[in-house]
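**Student:** need a structure here:
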Amino acid sequence: MNNDTLRKQKRREKLVKSFSEDWEIDTSIEPTIRYKKVAGIHGLWKKYFGKKHSVFAMYWFFKHDRLNNHESRKFYFPIEHDNMPVSGVPMKYEMQGTWQIDEGDLKYLYGGPLIDQDGDLLVPVDTKIKKLQRFIQLAAPFLVFTSAAIGIIIKLPQLLELIG
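**Tutor:** Below is the predicted model:
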């Protein structure tokens, strides 16, 4: 957050706020970051259609948390970038120290590569196909609802005729 433009700072603040709404840090046993679990119908919806966040957003979330939370300074900074050889990718990330991400929660991250401390790939690089798949996944519920509404509107005169 050195000599950044105001626009960049606002973008990062927005990323941090959005990320913190869906993710939490647990330092009770081992330092772990996990996707927040929600009960009920909202929880079921989040499980299948939960918002995905970029590894870039996670990096800035930790940077913000470290500045504002004294407890998080007891551990290594969780994620570093551009410190491993992956050719052809502009920004590369690696988990540091003993930080962990629950395996089931990795599906809510994109925009890697993110590797763990042993060099295993956790979050792959986004390709154009992956971005298209993510867009289709986000647009699918809207398209289903819209097509059902159009179908009902088209068949409405016939339905009213059957009822009346």
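
**Student:** following the helix-or-strand element of the chain with minimal mean pLDDT, which helix or strand shows up next?
**Tutor:** Of all the helices and strands that make up the chain, helix 40-49 has the lowest average by mean pLDDT, DSSP states H and E, namely a mean of 82. Next along the chain after helix 40-49, taking DSSP states H and E as the criterion, comes strand 53-54.

**Student:** partners of that next one in the sheet?
**Tutor:** Next to strand 53-54 in the sheet, as set by DSSP bridges, lie strand 109-110 (parallel).

**Student:** So for residue 130, what's the pLDDT?
**Tutor:** pLDDT recorded at residue 130 is 76.

**Student:** quick one on the thing from earlier: buried ones in the least confident helix or strand of the chain?
**Tutor:** Neighbour-count burial for helix 40-49 flags residue 46 (criterion: 16 or more other Cβ atoms under 10 Å). No exception for glycine: its C-beta is placed from N, CA and C like everyone else's.

**Student:** do the same with stretch 4-23
**Tutor:** Residues 12, 15, 16, 19, 20, 22, 23 are the ones in stretch 4-23 that count as buried (16+ other Cβ under 10 Å).

**Student:** For residue 93, the count of nearby residues, please.
**Tutor:** Residues lying near residue 93 (other Cβ atoms under 10 Å) number 26.

**Student:** Going by distance to residue 155, which of the buried residues of stretch 4-23 wins?
**Tutor:** The shortest approach to residue 155 among the buried residues of stretch 4-23 belongs to residue 22, at 39.0 Å (Cβ to Cβ).

**Student:** is it true that the closest one touches residue 37?
**Tutor:** No - with contact defined as Cβ atoms under 8 Å, residue 22 does not count as touching residue 37 (10.5 Å).

**Student:** phi, psi of residue 117?
**Tutor:** Reported as degrees, to the nearest 10, the phi and psi values for residue 117 are phi -70, psi -20.

**Student:** quick one: it from residue 95, how far?
**Tutor:** Note on residue 117: its distance to residue 95, by Cβ to Cβ, to the nearest Å, is 6 Å.

**Student:** Which one's more surrounded, these two?
**Tutor:** The neighbour count for residue 117 versus residue 95, taken as other Cβ under 10 Å, is higher for residue 95 (20 against 13).
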